[in-house]
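[1] this one's structure only:
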């Protein structure tokens, strides 16, 4: 991971807040499962870290530090410590990493690193900004070639599939613009062939804001992901 390139990227496009291309477990993580949303729904402002980009990088490359920072920021604003999406993401990540006995390390990432309150606001941004916001995610996918990608929400699924098809990593016959999210989920693991020769699969699922505390509706997804690593 190019640290200088990462610093340049997170400071680009917007003068007020940092872009958030990912949250990793450690600074030098080697993740093998990507959990992919459409874009961050909350932002860390540059003023929040006194315009210290190195501190910001330290936060997003240490999951525990990131969660502590976000929790404290939300409480100071009079909000709940974590959003429904963050609660779901935390529990899914913990489940996969714990139940795999260390075989799985998750990278939390998004199709677009530009933070907005919702996908509608993201779509309203100029095309050039949306394209720039996607650059780091694409680099991460090619660099790590994750064996498993979990993409949640219909917007994120459609954007991911379009990019994978455009780069000949999945078969074009997979994509159907009329598919509902349920249709994507029912496809089961979708094979990926990375340019490096590595292979992986994509699992599509509903938005993680529906995960809750126990994630009962995500039980099959969790089992399917764990199976991928039990078979390796």
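    Done, it's in. A quick note: this is a predicted structure, and the numbers were derived from the prediction, not measured. Numbering: from 1, shown residues only.
[2] any idea which strand is longest in the chain?
    strand 199-205 (DSSP state E).
[3] what packs against that strand?
    Here strand 199-205 touches strand 148-152, helix 154-166, helix 181-186, strand 190-193, helix 219-230, going by 3 or more Cβ pairs under 8 Å, 6 or more residues apart in numbering; DSSP states H and E. The C-beta positions use only the backbone N, C-alpha and C, and glycine is treated the same way.
[4] Sheet partners, orientation included, of it?
    strand 148-152 (parallel), strand 190-193 (antiparallel) (DSSP bridges).
[5] Which one of the helices and strands packed on strand 199-205 lies nearest to residue 120?
    If you check each of the helices and strands packed on strand 199-205 against residue 120 by Cβ to Cβ, helix 154-166 wins as the nearest, at 9.4 Å.
[6] mean confidence score for that closest one?
    Regarding helix 154-166, the rounded mean pLDDT is 94.
[7] neighbouring contacts of it?
    Contacts made with helix 154-166 from outside it, assessed by Cβ atoms under 8 Å, 6 or more residues apart in numbering, are listed as 36-38, 110-112, 119, 134, 138, 149, 151, 170-172, 174-175, 177, 180-181, 184, 192, 202, 204.
[8] tilt between whichever helix in the chain runs longest and strand 199-205?
    Counting by DSSP state H, the longest helix found in the chain is helix 84-99. For helix 84-99 against strand 199-205, the angle between stretch directions is 140 degrees (axes from the mean of the first three to the mean of the last three Cα atoms, to 10 degrees).
[9] gap between residue 72 and residue 157?
    Plainly put, residue 72 is 32 Å away from residue 157 if you go by Cβ to Cβ, to the nearest Å.
[10] Looking at the two, which is more packed in?
    Counting neighbours by other Cβ atoms under 10 Å for residue 72 and for residue 157 shows that residue 157 has the greater number, 23 against 11.
[11] Contact partners for the closest residue to residue 37 other than its chain neighbours?
    Take residue 37 and drop its neighbours on the chain: the residue closest to it by Cβ to Cβ, 6 or more residues apart in numbering is residue 110, 4.7 Å away. Each residue near residue 110 by Cβ under 8 Å, 6+ apart is listed here: 20-22, 36-40, 137, 156.
[12] Okay, now the unreliable bits of this structure?
    1, 231-232 (pLDDT under 70).
[13] Which residue lies nearest the spatial centre of it?
    The chain has residue 109 as the residue nearest its centroid, 2.2 Å off, counting by Cα atoms, centre = their mean.
[14] Quick check: phi and psi on it?
    phi -150, psi 180 (degrees, to the nearest 10).
[15] Of the contacts of residue 110, which belong to helices?
    Among these, the members falling in helices (DSSP H) are 137, 156.
[16] Need the winner for burial among the helices and strands packed on strand 199-205.
    Across the helices and strands packed on strand 199-205, averaging neighbours per residue (mean count of other Cβ atoms under 10 Å) puts strand 148-152 on top, at a mean of 24.
[17] who does the residue nearest to the centre of the chain bridge with?
    Residues found in beta-bridge contact with residue 109 (criterion: DSSP bridges) are residue 22, residue 36.
[18] which residues does it contact?
    Taking Cβ under 8 Å, 6+ apart as the definition, contacts of residue 109 comprise 21-23, 34-37, 137, 140.
[19] Kindly recompute the last result at 10 Å.
    Counting by Cβ atoms under 10 Å, 6 or more residues apart in numbering, residue 109 touches 20-24, 31, 34-37, 40, 136-137, 140-141, 144, 146, 149.
[20] Cool, thanks, talk later.
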